[in-house]
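**Q** no sequence on hand, only this structure:
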């Protein structure tokens with residue numbers, strides 16, 4: 001009789017431990033970090049289709065995105081996109097001859113160098129201004145960002161979907177954890 005009671009208590013302890021572990025895992029995934037799979041080629045060569053990454057969901061609850069952060073956001077089509085923040089609130093933005101200008105100042109984008117080296121016909125990024133995207137915009141409004149994929153010729157980004165409300169940003173991502181031979185931190 002006592003052995004059966006002892007086994008029942010041990011089973012209850014295991015069930016409680018498992019429930020607590022699942023609850024902690026769910027809280028971590030829902031509030032802190034979540035995995036995401038890169039779908040498509042819009043962030044090549046930085047990220048490739050099938051890369052698995054960790055999204056930090058808490059960083060932007062206490063701060064704002066920084067220029068050139070790689071972020072995950074809810075896109076208008078109901079999908080999550082992975083893109084790079086190019087323009088911040090208050091910025092003017094334009095591309096001329098494959099050169100990024102923010103508020104009239106030229107910015108280097110070293111993460112694009114591997115792609116630019118492969119291009120033999122024209123520029124990686126076509127010329128545009130913020131007004132070309134939305135004639136009503138002189139600057140990026142407060143609470144919004146302008147995002148672009150690193151594969152500029154084949155990326156559906158703010159040039160197509162418009163500026164992104166910061167409330168739609170899930171979080172920042174910079175750690176590729178799969179495939180194992182490709183584990184890295186991207187910038």
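**A** Cool, got the structure. Computed from a prediction, not measured in an experiment: that's the story for all the values here.

**Q** gap between the residue nearest the centre of the chain and residue 153?
**A** In the chain, the centroid-proximal residue (CA atoms, centre = their mean) is residue 71; its distance is 2.1 Å. Noted for residue 71: a distance of 21 Å to residue 153, by CB to CB, to the nearest Å. Where you see a C-beta, it was placed from the backbone N, CA and C, and this is true even at glycine.

**Q** go on, residue 79?
**A** Residue 79 is 20 Å from residue 153, by CB to CB.

**Q** those two: which is more packed in?
**A** A count of neighbours by other CB atoms under 10 Å puts residue 153 above the other of residue 79 and residue 153, at 14 against 11.

**Q** give the helix, strand or coil label for the more buried one.
**A** Here residue 153 is recorded as helix under DSSP: H, G, I helix; E, B strand; the rest coil.

**Q** wait, residue 171 sits on residue 71?
**A** Yes - between residue 171 and residue 71 a contact is recorded at 7.0 Å, counting by CB atoms under 8 Å.

**Q** just the helices in this protein please.
**A** Assigned by DSSP state H, the chain shows helices spanning 2-27, 113-118, 130-133, 158-161.

**Q** the last one packs against which elements?
**A** Packing partners of helix 158-161 (3 or more CB pairs under 8 Å, 6 or more residues apart in numbering; DSSP states H and E): strand 80-87, strand 144-148.

**Q** now do 7 Å
**A** strand 144-148 (3 or more CB pairs under 7 Å, 6 or more residues apart in numbering; DSSP states H and E).

**Q** what angle separates the strand it packs on from strand 80-87?
**A** 110 degrees (axes from the mean of the first three to the mean of the last three CA atoms, to 10 degrees).

**Q** distance between strand 144-148 and the chain's centre?
**A** 11 Å (CA atoms, centre = their mean, to the nearest Å).

**Q** doesn't residue 86 make contact with the residue nearest to the centre of the chain?
**A** No - using CB atoms under 7 Å as the test, residue 71 is too far from residue 86 to be in contact (10.9 Å).

**Q** need the overlap of contacts for these two.
**A** Taking CB atoms under 7 Å, 6 or more residues apart in numbering as the contact definition, residue 71 and residue 86 share the neighbouring residues residue 147.

**Q** do you know the pLDDT at residue 25?
**A** Looking at residue 25, its pLDDT stands at 62.

**Q** residue ranges in the chain under the pLDDT threshold?
**A** Low-confidence segments of the chain (pLDDT under 70): 1-6, 8, 21-33, 59, 61, 177-178, 180, 183-185.

**Q** got the contact list for the closest residue to residue 143 other than its chain neighbours?
**A** Using CB to CB, 6 or more residues apart in numbering and skipping residues adjacent in sequence, the residue nearest residue 143 is residue 166, 5.3 Å away. Counting by CB under 7 Å, 6+ apart, residue 166 makes contact with 64, 65, 143, 144, 145.
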